[in-house]
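Participant: Next come a sequence and a model predicted from it.
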Amino acid sequence: MLCSPLPPFSRCPVRAQAGAVQPTKARTQEARYLIVNVNPAVGRLALAPFSVPNNPPEYPIVGSGFSNLKEEWTVRPAGPGKYTINSTTHPDAAWSRLEGGIVASEGSWSQFAIEPAGDGAYVIKSPNTDEVATLNSARGEQLHTERFKGSPSQLWKFERVGQ
């Protein structure tokens, strides 16, 4: 069975009624995930416990470290190889690139590519660039983009929540 490496996609053969295998088709599905850095000290991505008082508000995205911060993210297909990522705490707040940082914004959204990086890890990439979501530490640092270097701070696992 062929299945896409991207977590929100299922790319499996579709069988006809007579049992013949039809060409592989992509079935996209929206799903909720915890997004976890491969470095346990960084932990899961979460919204900061404060928002930037813009209108509409922006929520910095930080690492949870060893705290109990737990944010679920809804990943939605948004075109070939592209996704939007929304907070479940603030469903109208989608990931948005803002001056090199990534925030959850209720006023704008960006599309991201999610690409396999081996060993069940992924990079979250700004499409058509080599900039990837990076978080070097959970101590007050905001999620931002940097050129891909392959460091653990740039590698993410998607842990599906619910069905």
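Facilitator: Ah, there it is.
Participant: Where in the chain is the helix or strand with the lowest mean pLDDT?
Facilitator: The helix or strand of the chain with the lowest confidence, counting by mean pLDDT, DSSP states H and E, is strand 9-12 at a mean of 36.
Participant: Quick check: which ranges of the protein have low pLDDT?
Facilitator: When the per-residue scores of the chain are filtered using pLDDT under 70, the ranges that remain are 1-28, 66, 163.
Participant: Okay, strands next: where are they in it?
Facilitator: 9-12, 25-28, 31-37, 45-47, 58-63, 73-77, 83-87, 94-98, 101-105, 113-118, 121-125, 131-134, 144-147, 156-161 (DSSP state E).
Participant: Using CSV, please lay out these together with mean neighbour count.
Facilitator: Glycine gets a C-beta too; all of them are placed from N, C-alpha and C. CSV is the format used below for the strands of the chain (neighbours: other CB atoms under 10 Å):
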stretch, mean neighbour count
strand 9-12, 16
strand 25-28, 12
strand 31-37, 21
strand 45-47, 25
strand 58-63, 23
strand 73-77, 20
strand 83-87, 22
strand 94-98, 21
strand 101-105, 23
strand 113-118, 16
strand 121-125, 21
strand 131-134, 23
strand 144-147, 16
strand 156-161, 16
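Participant: where's Q154 relative to H144, distance?
Facilitator: If you measure Q154 against H144 using CB to CB, to the nearest Å, the figure is 11 Å.
Participant: shared neighbours, these two?
Facilitator: Taking CB atoms under 8 Å, 6 or more residues apart in numbering as the contact rule, the neighbours common to Q154 and H144 are 133-134.
Participant: bridging residues for L45?
Facilitator: Assessed by DSSP bridges, L45 has beta-bridge partners G63.
Participant: correct me, but it touches A138?
Facilitator: No. The pair L45 and A138 does not pass the contact test of CB atoms under 8 Å, sitting 9.8 Å apart.
Participant: shared neighbours of those two, which are they?
Facilitator: What both L45 and A138 touch, as defined by CB under 8 Å, 6+ apart, is the set 62-64.
Participant: closest to G150 among those residues?
Facilitator: Of all those, G63 has the smallest distance to G150: 18.7 Å, by CB to CB.
Participant: Surely the closest one and R44 touch.
Facilitator: Yes. At 7.3 Å, G63 and R44 qualify as touching, with contact defined as CB under 8 Å.
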